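*Asks:* Pasting a predicted model and its sequence here:
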Amino acid sequence: MTDNRNVILAIVLSMIVLFGWQFFIAGPQLERAQQQAQIAAEQAQSEATPAATAVAAGTPGTVAADGTVFYADRAEAIGASERVTIDTPDLHGSINLTGARLDDLELKQYQETVDPDSPIITLLTPAGVPNAYFAEQGFVPAAGTTVAVPDSKSVWTVEGGASTLTATTPVTLRWDNGAGLVFRRTFAVDEFYLFTVTQSVTNNGSGDVALFPYARVARHGTPKVANFFIQHEGPHGVLGSNNMVSKKYTDMQKDQQVRFDNTSGWLGFSDKYWATAVLPKPATAINALFSWKNTGSYDDYQTSFVETTPLVVAAGATATHESYLFAGAKEESVINSYQQSYGFDRIDLLIDWGWFGFLTKPMYYLLTFLNGIIGNFGVAVLAVTVIVKALFFPLASRSYASMAAMRRVQPEMKAIQERFKEDRPAQQQAMMELYKTEKINPLSGCWPVLIQIPVFFALYTVIFISLDMRHAPFFGWIQDLAAPDPTNIFTLFGLIPWEPTTLPLIGSFLHLGVWPVIMGITMWVQMKLNPPPPDPTQAMIFNWMPVIFTFMLGTFPAGLVIYWAWNNTLSVTQQWFIMKRHGVEVNLIGNILDAFKRKPKADATPKA
């Protein structure tokens, strides 16, 4: 009975802590908070500017209060200005000559769905359309001066012969302020996602000029995020001694502005698989800012920095400044190479490795290594499970041996319970003496489960956040290990034309694919390795736990569900082998058949 209780407590308490909070408390609370913030913003806007509500939606052809021109769609916005084309093996897009900002970028190597004909991923979008997202660099004049510097309305011209930005040909843009200063902005990009932006200022005037370099990333509108505790999506950065700074979009609306002065590092926005960040040269002193405002037409989120040391341009001279922009996919090998080559401060944290990062990274490296040999990430997950089981086999063997010993001394334990029925301290003392005599650790049965939890969580993190797992196929109907099993028994696998997940309250539990059912069955079989506990409460937990976990994992990534089903299967085999070796009778088939037998009704006849 004790070994059953230990296993039950370990599983139930651990999984409730890890997943129950997110599913039933944190996720719904955050979603409600976002909805309330959205409603409040809309109400405040309608009360403040009732006459402008028709323009607030961004009607094409209208101009917002901040000067943003609205367009019918992304294509119209791109076609509204002259541009420099970007064409590399990984990127396609353009630089807007109005403002010299990077606001059009697509990722060639990634598509929206597993359908080979689906569109490629759009990362950056010009202002004036929904979900605008762009980056720019520039200069801020010194306080008290009236130096004319280029802004978002300045129209630049292409200088030199190159009119297409490629991995081997940079592009230089030019703007003259008409008052003695000529600005040049040279864009270069590597074969992946790192832009090097070199700005130069030629001073043809008679006095020195001091300019402070800045860079920013802006998003218009609140992006839809998963709101899952395992990974951050939103504004973030590494800012020197402030370490990793992560902000939710709801935090930005509440705080409006958060400053980090006299720091260093980088900052930007991170989505699940993509990111955009501005980076000064390593160790450059900056004042960083996370900001939000509602313009009356959209929510404007920005991450920006201004360097604390000005670029001083002497009369008759030219001064240059260099900074960087990352805009692309969060590929671990690429980001790691930037950290090593450029010395960026902890840029590897663009990928959120989670609480168990010390396990998650090795797990990721092991999976990618095995995938390189096997050629299938799903099979690599199965292989990792076997390796983990092999590594923990000695511990599992000792634990199951202790559990077997517990079952052998069950008669003595029951005798002690009967003998000291009314004296609990004496009962516990006698039990401890029995454990000591038989060399039994009553808690050892928990260790295989407890140790497995961090490993499980690390693997779950890798499957959930790793770009390598996105659209990685297994076999059959599983074509994306990072997405839930697409089948659903509640629609008879597509035969019934309805969508049960849209039902209120219970809809989120009505997606149950084949693999979650297989996982539930293997978990139920594992429970049947031991006879049902005599305590009715424990027996009820044993009976319902596989059902609860089946529904709970219904919306989890298929790769994780496959791992758990395979892990249960290996655990059944391992436990059966170890317990048989220690002389414990394992009546698995009998226990399974007993579960389907009709239980005799209790005699309700009152006794005389």
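*Replies:* Perfect, I can see it now. Numbering: from 1, shown residues only.

*Asks:* quick check, A288 in a strand?
*Replies:* Yes. The assignment for A288 is a strand, going by DSSP: H, G, I helix; E, B strand; the rest coil.

*Asks:* from what I can see it touches L267, true?
*Replies:* Yes. With contact defined as Cβ atoms under 8 Å, A288 reaches L267; the gap is 5.6 Å. Heads up, the C-betas are built off the backbone N, CA and C, glycines and all.

*Asks:* which residues are common contacts for these two?
*Replies:* 237, 239, 303-305 (Cβ atoms under 8 Å, 6 or more residues apart in numbering).

*Asks:* And the residues you listed, which two are furthest apart?
*Replies:* Maximum pairwise distance among these (Cβ to Cβ): 12.3 Å, between L239 and S304.

*Asks:* So which residues of the stretch 451-600 of the chain form helices?
*Replies:* 514-527, 536-552, 558-581, 588-595 (DSSP state H, counting those that start in this stretch).

*Asks:* May I see the ones you listed organised as CSV, with mean pLDDT and distance to Q231 added?
*Replies:* Below are those laid out as CSV (pLDDT from 0 to 100; distance: least, Cβ to Cβ, whole Å):
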stretch, mean pLDDT, distance to Q231
helix 514-527, 89, 22
helix 536-552, 79, 19
helix 558-581, 85, 14
helix 588-595, 68, 39
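
*Asks:* how about these, which one is nearest G99?
*Replies:* helix 558-581 (42.6 Å).

*Asks:* which strands and helices sit next to that closest one?
*Replies:* Other helices and strands packing on helix 558-581, by 3 or more Cβ pairs under 8 Å, 6 or more residues apart in numbering; DSSP states H and E, are helix 377-391, helix 393-408, helix 447-465, helix 514-527.

*Asks:* the inter-axis angle of the longest one versus helix 558-581?
*Replies:* Spelled out, that is helix 447-465. Angle of helix 447-465 versus helix 558-581, following axes from the mean of the first three to the mean of the last three Cα atoms, to 10 degrees, is 160 degrees.

*Asks:* What of the first one?
*Replies:* For the pair helix 377-391 and helix 558-581, the angle between their directions (the same axes, to 10 degrees) equals 30 degrees.

*Asks:* Which strand or helix spans the nearest residue to S270 once chain neighbours are set aside?
*Replies:* Counting by Cβ to Cβ, 6 or more residues apart in numbering, S270 lies nearest to H236, which is 5.5 Å off, once chain neighbours are set aside. Secondary structure from DSSP states H and E places H236 in strand 234-238.

*Asks:* Which among the helices of the stretch 451-600 of the chain is found nearest to K439?
*Replies:* Proximity to K439 (Cβ to Cβ) singles out helix 558-581 among the helices of the stretch 451-600 of the chain, at 16.7 Å.

*Asks:* got the buried residues for the closest one?
*Replies:* 558-572, 574-576, 578-579 (16 or more other Cβ atoms under 10 Å).

*Asks:* what helix or strand is the residue nearest the centre of the chain on?
*Replies:* In the chain, the residue lying closest to the centroid (Cα atoms, centre = their mean) is Q231, at 3.3 Å. For Q231, there is no enclosing helix or strand under DSSP H and E.

*Asks:* What is the burial count for T555?
*Replies:* Applying other Cβ atoms under 10 Å, we find 18 residues neighbouring T555.

*Asks:* Spit out the contact partners of the residue nearest to it when sequence neighbours are not counted.
*Replies:* Using Cβ to Cβ, 6+ apart and skipping the chain neighbours, the partner closest in space to T555 is P484 (5.0 Å). By Cβ under 8 Å, 6+ apart, P484 lies in contact with 511, 513, 554-558.

*Asks:* do I347 as well
*Replies:* With contact set as Cβ under 8 Å, 6+ apart, I347 has these partners: 238, 266, 277, 279, 326, 335, 338-339.

*Asks:* hmm, back to that, quick check, the residue nearest to S270 in contact with W266.
*Replies:* No. The criterion here is Cβ under 8 Å, and H236 misses it with W266 at 9.7 Å.

*Asks:* Which of the two has more residues huddled nearby?
*Replies:* When H236 and W266 are compared for neighbours, W266 comes out ahead with 28 against 24, by other Cβ under 10 Å.

*Asks:* For the more buried one, give me its contacts.
*Replies:* Applying Cβ under 8 Å, 6+ apart, the residues contacting W266 are 237-238, 277-280, 326, 344-345, 347.

*Asks:* for S270, same thing?
*Replies:* Shown in contact with S270 (Cβ under 8 Å, 6+ apart): 232-236, 277, 330, 350, 352.

*Asks:* What residues are bridge-paired with it?
*Replies:* Counting by DSSP bridges, S270 forms beta bridges with G234, A275.

*Asks:* could you point out which element follows the least confident helix or strand in the chain by mean pLDDT?
*Replies:* The helix or strand of the chain with the lowest confidence, counting by mean pLDDT, DSSP states H and E, is helix 53-56 at a mean of 31. Under the assignment DSSP H and E, the closest C-terminal helix or strand after helix 53-56 is helix 74-79.

*Asks:* in what helix or strand does S94 lie?
*Replies:* Using DSSP H and E, S94 sits in strand 91-96.

*Asks:* now the strands: where do they sit in the stretch 51-200 of the chain?
*Replies:* 83-87, 91-96, 101-111, 120-124, 133-141, 157-159, 164-165, 171-176, 181-189, 194-203 (DSSP state E, counting those that start in this stretch).

*Asks:* Check the burial of Q526 by counting its neighbours.
*Replies:* With other Cβ under 10 Å as criterion, Q526 counts 20.

*Asks:* That one contacts N567, correct?
*Replies:* No. The criterion here is Cβ under 8 Å, and Q526 misses it with N567 at 9.5 Å.

*Asks:* Could you pull up the residues touching N376?
*Replies:* By Cβ under 8 Å, 6+ apart, the contact list for N376 reads 473-475.

*Asks:* what about the stretch 101-250 of the chain, any weak spots by pLDDT?
*Replies:* Along the stretch 101-250 of the chain, the parts satisfying pLDDT under 70 run over 227-228.

*Asks:* Let's see that with 80 instead.
*Replies:* Applying pLDDT under 80 to the stretch 101-250 of the chain flags the ranges 161-162, 226-230.

*Asks:* Only the buried subset of the contacts of N376, as a ChimeraX command please.
*Replies:* Those of these that count as buried under 16+ other Cβ under 10 Å are selected in ChimeraX with:
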select :474
